[in-house]
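J.: here is a sequence with its predicted model. Questions after.
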Amino acid sequence: MVDMPGFGRSDKPPVTGNYFTFAAGALAGLLGELGIGRVHLVGNSLGGGTAVRFALGHPERAGRLVLMGPGGLNLNVFAPDPTEGVKALVAFPADPTEEKLAAFLRTLVYDQRLITTSW
C-alpha cells in the first residue's frame, strides 16, 4: 500500500500539473526504484484516478485495475466543479467528531436520512 504524494507519511512535493498525472508519475518512479515491473492496482477515489492515469501512461506496466469511485474520471455537466462532496472533503476538519463526520457523509448520499450518528 502506497501513500499518495502529499498525504500520509509521503513527501509533500509541490504538485505540478494535473494531480492524477503527477501521482501516477510518482508511482512509476517508486515502482522503478523497487525494481517492480508490472503491477495490478486497487484504487479508491484519488487512488482510483491515479491508477487509471498510471495505466494510460504506462500500459506495459499496468495489469488489472480494481477501481472504487475513481476520482477525476467524470465531467460534471449539471453542476460546477468542485462538487459539494469535494469541497466538504477539502474542508474536513483535523478534529473530527461524529457530528462532523455525519455532516460530511450527508454530502455523499442522495437520501441523507441514511446517515445518522447512532453508530
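T.: Structure's in. What do you need? Numbering: from 1, shown residues only.
J.: nearest residue to the middle of this protein?
T.: Residue closest to the average C-alpha location in the chain (C-alpha atoms, centre = their mean): residue 46, at 1.0 Å.
J.: which of the three states applies to the closest residue to residue 71 other than its chain neighbours?
T.: With C-beta to C-beta, 6 or more residues apart in numbering as the criterion, residue 71 has its nearest non-adjacent residue at 3.9 Å, and that residue is residue 49. Where C-beta positions appear, they are placed from N, C-alpha and C, glycine not excepted. Counting by DSSP: H, G, I helix; E, B strand; the rest coil, the backbone at residue 49 sits in helix.
J.: residue 49 contacts residue 68, correct?
T.: No. Residue 49 is beyond contact range of residue 68, at 11.0 Å (criterion: C-beta atoms under 8 Å).
J.: other residues contacting stretch 10-22?
T.: With C-beta atoms under 8 Å, 6 or more residues apart in numbering as the test, stretch 10-22 has contacts from 2-6, 46, 49-50, 52-53, 57, 71-72.
J.: ok, residue 90 - contacts?
T.: residue 82.
J.: separation between it and residue 41?
T.: To residue 41, residue 90 is 24 Å away according to C-beta to C-beta, to the nearest Å.
J.: ok, which stretches of the protein are helices?
T.: 19-34, 46-57, 84-90, 98-106 (DSSP state H).
J.: for the last one, packing partners?
T.: Spelled out, that is helix 98-106. helix 84-90 (3 or more C-beta pairs under 8 Å, 6 or more residues apart in numbering; DSSP states H and E).
J.: I'm done for today, thanks for sticking with me.
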